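Asks: give me the fold of what follows.
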Amino acid sequence: MKRVVITGAGVVSPVGSGVEAFFENLTRGVCGIGPITRFDTTGYKAKLAGEVKDFDPEAVGIDRAQAKRTDLFAQYAMAAAMQAVADSGIEGKVAPERFGVYVGSGIGGMQTFVQETEKLLNRGPTRVSPFFIPMMIGNMAAGNIAIRFNAQGPCLPVVTACATSSHAIGEAFRAIKYGHADAIIAGGAEATILPLAVAGFSNMKALSESEDPNAASLPFDARRGGFVMGEGSGIVVLEEYEHAMARGARVYAEVCGYGNTCDAYHITAPHAEAVGAANAIKLALEEANWQGEALYINAHGTGTPMNDKVETLAIKKAMGEDAARKALISSTKSMTGHMLGAAGAVEAIVCAMALKNGVVPPTINLRESDPECDLNYVPNEAVKADVEVAISSSLGFGGHNAVVAMRKF
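Replies: Below is the predicted model:
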């Protein structure tokens, strides 16, 4: 069995781009949620989102011609991947056939799909772009990243809704652990702050209808009423330990556990008894050989009434009541909103940074306690803590559960 470490990371998010700026803003409690600017929200119940601000593909190294042929989700993925690869220093230092890409998206090129559908309906079939299909399909972020970095090894775009990028990192971890690659660019991206998506999520009663950015994304708070859509990308470079050491790479954390389960219960609702989620946490901690060391949990923590109480129950079931109460838990979705297919990777990066820096970011705007959410969610202020193990939990529509565990390096 091979050991696996994180040697690079990249983030494009509503609270900043670049890992250092992103994590600093999280620890300061900066809220990236605000009024939707992409379209007129008159007639929409949900009016807030976590939008990426001032994103310029050319400024991050994506040329204008490439940007025109690439959906926004794939642009976010490429920007974060370029950060991660540069951060790791791995380019040119790994055999192409041993270099992989596991980057997914929960929805894919929805912006392109909507735009080209409008062209078809309003201007006829000859006006649909010849790039429509390669821009829209959800695997294209992974494909473009592989082309950019000549990664000829395993390439796997995962699609498991909100658990997408946690599964991508977990499966990449396994591929390296079992010797199928020396390094893999892994994570996810999403860009769906669009009228159709907002209407769809709103009509299924999933989104917060608050118009106050500080009273909208409220994980574990008694006032919570739905999640707030976010967007962006999180990408890590996972590398086999000996390979990383041989080239003198800097290491953020060691990935050491992965739980992958399904509720097999309902298309959107979590299992009320938290069976699948608890088992995913348990599997990840067992593989990580957790023996009660100081633990940080970056919770899925969406701010929906069902998710947060079920996730609290899952943590208790997986670890036992006493250990659960000792853990430091936070939901950074209180600041970023729910980045959907990008959420798990971004939150895995939070875990790695918490281990590296000894700081746990808060759950902001947590003001009113809920008796069904009675653990330590690090309310409102970051805490300094020398945690040894961290886990990132993601629970997706369809009952998909993914938990990634890592250790301080």
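Asks: and the strands in the stretch 101-250 of the chain?
Replies: 183-190, 232-240 (DSSP state E, counting those that start in this stretch).
Asks: most neighbours per residue, which of the ones you listed?
Replies: Neighbour counts (mean count of other CB atoms under 10 Å) averaged over each of the strands of the stretch 101-250 of the chain peak at strand 183-190, with a mean of 35. The way it works is simple: take the backbone N, C-alpha and C, and place the C-beta from them, glycine included.
Asks: average pLDDT across that strand?
Replies: Average pLDDT, strand 183-190: 98.
Asks: between that strand and strand 232-240, how big is the angle?
Replies: Taking axes from the mean of the first three to the mean of the last three CA atoms, to 10 degrees, one finds strand 183-190 and strand 232-240 inclined to each other by 170 degrees.
Asks: same for strand 183-190, what does it pack against?
Replies: helix 72-88, strand 99-104, helix 140-149, helix 164-177, strand 232-240, helix 343-357 (3 or more CB pairs under 8 Å, 6 or more residues apart in numbering; DSSP states H and E).
Asks: A390: which of these is closest?
Replies: Judged by CB to CB, the one of those that comes nearest to A390 is helix 343-357, at 3.7 Å.
Asks: show the subsequent helix or strand relative to the closest one.
Replies: Per DSSP states H and E, the first helix or strand lying C-terminal to helix 343-357 is strand 359-360.
Asks: residues contacting that next one, please?
Replies: 27, 296, 328, 330, 353-354, 378, 382-385, 387 (CB atoms under 8 Å, 6 or more residues apart in numbering).
Asks: out of the helices and strands packed on strand 183-190, which is the most enclosed?
Replies: Using mean count of other CB under 10 Å, strand 232-240 ranks as the most buried of the helices and strands packed on strand 183-190, with a mean of 32.
Asks: gap between it and the chain center?
Replies: 11 Å (CA atoms, centre = their mean, to the nearest Å).
Asks: any idea of the mean pLDDT in it?
Replies: 98.
Asks: picking that back up, distance to I184 for the helices and strands packed on strand 183-190 - can I get that in CSV?
Replies: Below are these laid out as CSV (distance: least, CB to CB, whole Å):
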stretch, distance to I184
helix 72-88, 11
strand 99-104, 4
helix 140-149, 11
helix 164-177, 4
strand 232-240, 5
helix 343-357, 12
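Asks: for H271, which of the ones you listed is the nearest?
Replies: helix 164-177 (17.9 Å).
Asks: by contact count, what packs against the closest one?
Replies: Helix 164-177 packs on strand 4-13, strand 99-104, strand 183-190, strand 232-240, strand 253-262, helix 343-357, strand 389-396, strand 400-407, going by 3+ CB pairs under 8 Å, 6+ apart.
Asks: nearest to C162, of those?
Replies: Across the helices and strands packed on helix 164-177 (criterion: CB to CB), the nearest stretch is strand 389-396, sitting at 4.0 Å.
Asks: summarise which helices and strands that closest one is packed against.
Replies: So strand 389-396, by 3+ CB pairs under 8 Å, 6+ apart, packs with helix 164-177, helix 275-287, strand 295-298, helix 305-319, helix 343-357, strand 400-407.
Asks: sorry, back to before: out of the helices and strands packed on helix 164-177, nearest to L218?
Replies: Using CB to CB, the helices and strands packed on helix 164-177 put helix 343-357 closest to L218, at 16.4 Å.
Asks: can you dump the C-alpha atoms of that closest one in PDB for me?
Replies: What follows is helix 343-357 as a C-alpha-only set of coordinates in PDB (Å, rounded to 0.1, in the frame of the first residue of the first chain):
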ATOM      1  CA  ALA A 343     -18.000  21.800  -2.300                       C
ATOM      2  CA  GLY A 344     -16.300  18.600  -1.200                       C
ATOM      3  CA  ALA A 345     -12.900  19.500  -2.700                       C
ATOM      4  CA  VAL A 346     -13.000  23.100  -1.400                       C
ATOM      5  CA  GLU A 347     -13.800  21.700   2.000                       C
ATOM      6  CA  ALA A 348     -11.100  19.100   1.800                       C
ATOM      7  CA  ILE A 349      -8.700  21.900   1.200                       C
ATOM      8  CA  VAL A 350     -10.100  23.600   4.300                       C
ATOM      9  CA  CYS A 351      -9.300  20.500   6.300                       C
ATOM     10  CA  ALA A 352      -5.700  20.400   4.900                       C
ATOM     11  CA  MET A 353      -5.200  24.000   5.800                       C
ATOM     12  CA  ALA A 354      -6.600  23.600   9.300                       C
ATOM     13  CA  LEU A 355      -4.200  20.700   9.900                       C
ATOM     14  CA  LYS A 356      -1.200  22.700   8.500                       C
ATOM     15  CA  ASN A 357      -2.000  26.000  10.200                       C
END
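Asks: need the mean per-residue confidence for that helix.
Replies: pLDDT averaged over helix 343-357 gives 98.
Asks: quick one: work out the angle between that helix and strand 400-407.
Replies: Going by the same axes, to 10 degrees, helix 343-357 makes 20 degrees with strand 400-407.
Asks: which residue is nearest the middle of this structure?
Replies: Centroid check for the chain by CA atoms, centre = their mean gives A343 as the closest residue, at 2.1 Å.
Asks: next, the buried residues of the helix or strand of the chain with the lowest mean pLDDT.
Replies: Here the helix or strand of the chain ranked lowest by mean pLDDT, DSSP states H and E is helix 64-68, holding a mean of 93. Across helix 64-68, burial judged by 16 or more other CB atoms under 10 Å covers 66-67.
Asks: what does it rub up against?
Replies: By CB under 8 Å, 6+ apart, helix 64-68 touches 57-58, 75.
Asks: how far out from the middle of the chain is it?
Replies: Distance, centroid of helix 64-68 to centroid of chain: 25 Å (CA atoms, centre = their mean).
Asks: find the nearest non-adjacent residue to the residue nearest to the centre of the chain, please.
Replies: Excluding its sequence neighbours, the residue lying closest to A343 (CB to CB, 6 or more residues apart in numbering) is C162, at 5.9 Å.
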